[in-house]
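In: Everything below, folded, please.
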Amino acid sequence: MTEASALYRGGVMHRRLRPKVHELNYRAFWLLLDLAEIDGLDRRLGLFSRNRFNLLSFHDRDHGDGSGSALRSQVEAWLARAGIDIGAGPIRLLTMPRVMGYVFNPISLYYCHRTDGGLAAMVYEVTSTFGVRHAYVIPVPVEDQARGLIRQGAAKALYVSPFIGMDMDYEFRGHAPAERLDLTIDGIEADGLLITAAMSAERHPLEDRDLWSAALSLPFMTFKVVAAIHWEALKLWIKGVRLTRQPTPAREPVTIQHHARESRLGR
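Out: Numbering: from 1, shown residues only. Prediction:
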């Protein structure tokens, strides 16, 4: 049977519009991991492992509640709270792997499919540089499920950047990964669009030669992600962008939505 898991190579763009325009672009790669296939990938691949050191690895405790317990069970519990039942449908996680044992994922995406292949829900798992993780669980409207179309929104619940306040909505747009990966995230305040981020990539086989090529082209990628975040923060501070006060964390580490919200930008 053909594996659903794959390697995606591409890049990320961030653009801030106010009070100073600031843009950054960097290359990246991600693994799309069908949760049911991870153990098989561990056995089949020499450069990828689950819960143990390798050039590239996946550790369950890097996701969900951090306990290392079965991710599918955790995601299914979140979906049940949102009134979503996918039965035995696949859950596929798009994430950066650990590289030489180190990882930092600003965002990981769970694509939750029904048994007929339709995209029933998305889980956006966001991690701040302060080490706090929050998941947004959002259903996909029925009219978008068969096309794998993503048009969703959520109120910001996690303090991610000291340069951005909490009075913000996120808008998500994209598609379930196929030959290409695409996702755009807009951050919208009362005055309109403040920041936009976009991920784009092309699908590659999940084979040792492809993993080696990706790792060689972007050595120590996950270290560089953290370094880039702090470097860009320094540049924002030099530009005079004011810091915001860190609020008390949300009571729950998960935002559960029972329906997809309409976009405030009219898209």
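In: Name the nearest residue to the residue most central in space within the chain, ignoring sequence neighbours.
Out: Nearest to the mean C-alpha position of the chain, by CA atoms, centre = their mean, lies Ser108 at 2.4 Å. Counting by CB to CB, 6 or more residues apart in numbering, the nearest residue to Ser108 once its immediate chain neighbours are dropped is Thr95, at 4.0 Å. (Each C-beta comes from the backbone N, C-alpha and C, glycine too.)
In: what's the pLDDT at that neighbour?
Out: Here, the pLDDT recorded for Thr95 equals 98.
In: And the strands in this protein?
Out: Using DSSP state E, the strands of the chain run over 6-16, 22-34, 48-50, 56-58, 91-95, 98-99, 107-113, 119-127, 133-139, 149-155, 169-175, 180-189, 192-204, 254-256.
In: Let's have the ones you listed in a markdown table, adding distance to Leu41.
Out: Formatted as a markdown table, these follow (distance: least, CB to CB, whole Å):
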| stretch | distance to Leu41 |
| --- | --- |
| strand 6-16 | 11 |
| strand 22-34 | 7 |
| strand 48-50 | 6 |
| strand 56-58 | 8 |
| strand 91-95 | 12 |
| strand 98-99 | 14 |
| strand 107-113 | 17 |
| strand 119-127 | 20 |
| strand 133-139 | 23 |
| strand 149-155 | 25 |
| strand 169-175 | 24 |
| strand 180-189 | 18 |
| strand 192-204 | 14 |
| strand 254-256 | 27 |
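In: So which of the ones you listed is nearest Leu236?
Out: Proximity to Leu236, assessed across these by CB to CB, is greatest for strand 22-34 (6.0 Å).
In: strands paired with the closest one, and their directions?
Out: strand 6-16 (antiparallel), strand 91-95 (antiparallel) (DSSP bridges).
In: looking at those, which is closest to Pro205?
Out: Using CB to CB, the strands paired with strand 22-34 put strand 6-16 closest to Pro205, at 6.9 Å.
In: For Gly187, which non-adjacent residue is closest in space?
Out: Nearest one to Gly187, counting by CB to CB, 6+ apart, is Ile195 at 4.2 Å.
In: thought Asp60 was touching Ser73?
Out: No: counting by CB atoms under 8 Å, Asp60 stays clear of Ser73, with 11.0 Å between them.
In: okay, the two: which has more neighbours?
Out: Asp60 (17 against 10; other CB atoms under 10 Å).
In: how near is that one to Gly131?
Out: 17 Å (CB to CB, to the nearest Å).
In: which parts of the helix or strand of the chain with the lowest mean pLDDT are buried?
Out: Least confident helix or strand, the chain: helix 221-238 with a mean of 79, by mean pLDDT, DSSP states H and E. For helix 221-238, burial by neighbour count (16 or more other CB atoms under 10 Å) applies to Met221, Thr222, Lys224, Val225, Ile229, Glu232, Ala233, Leu236.
In: Does His14 touch Ala197 like I think?
Out: Yes: contact between His14 and Ala197 holds when scored by CB under 8 Å: they sit 4.8 Å apart.
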